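Q: Could you look at this predicted model? Sequence included:
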Amino acid sequence: MLNKLHSIKKIDVHLINLLNRLSMQALRISLGIIFIWFGALKVFAESPANDLITKTIYWFDPNIFIPVLGVWEMAIGLCLLIPALIRAGLFLLALQMPGTFLPLILLPEVCFTTFPFDLTLEGQYIVKNLVLIGAAMAVGGKLRPFNSL
């Protein structure tokens, strides 16, 4: 029995070490892909979020604003994929992300079936950005300070 536990512990340590080596790069790359993908959908007027964006940012022409937002998101993604540009990507993300929560304030009837807990599909789409923020924070937290470069 003790031998079996020792073998399980060795496997556990091996898997943890493997995850420590790969997880941050996988997180950064997956964030980059998500931003490029979602941004490209906006650029090509195929995003399911276009209607929500149009209703939320009603003071800008959506034919201009949505493609610009898409290019911005694609820039975030590209920066996250290029190690030397991660800081720039995180900065662009930090500027963009607060705006993604505007519909929760400006269009609660679109985001909630019952405020504040029962989210619509649009509300869920918005709240999932908390995961993107947490992932971006994790990626940024693993950067080396400039003086260490």
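A: Received it, and whenever you're ready, just let me know what you need.

Q: The spatially closest residue to Ile29 that is not a sequence neighbour - how many residues pack around it?
A: Closest residue to Ile29 apart from its sequence neighbours, by CB to CB, 6 or more residues apart in numbering: Leu81 at 6.5 Å. Quick note: C-beta positions are derived from backbone N, CA and C, even for glycine. For Leu81, the count of nearby residues is 17 (other CB atoms under 10 Å).

Q: So for the spatially most central residue of the chain, what pLDDT did the model give?
A: Residue closest to the average C-alpha location in the chain (CA atoms, centre = their mean): Leu132, at 3.0 Å. pLDDT recorded at Leu132 is 97.

Q: if I look at Lys42, how far off is Leu81?
A: Going from Lys42 to Leu81 by CB to CB, to the nearest Å gives 18 Å.

Q: which SSE is the residue nearest to the centre of the chain in?
A: Secondary structure from DSSP states H and E places Leu132 in helix 129-141.

Q: Which elements pack onto that helix?
A: helix 2-43, helix 86-100 (3 or more CB pairs under 8 Å, 6 or more residues apart in numbering; DSSP states H and E).
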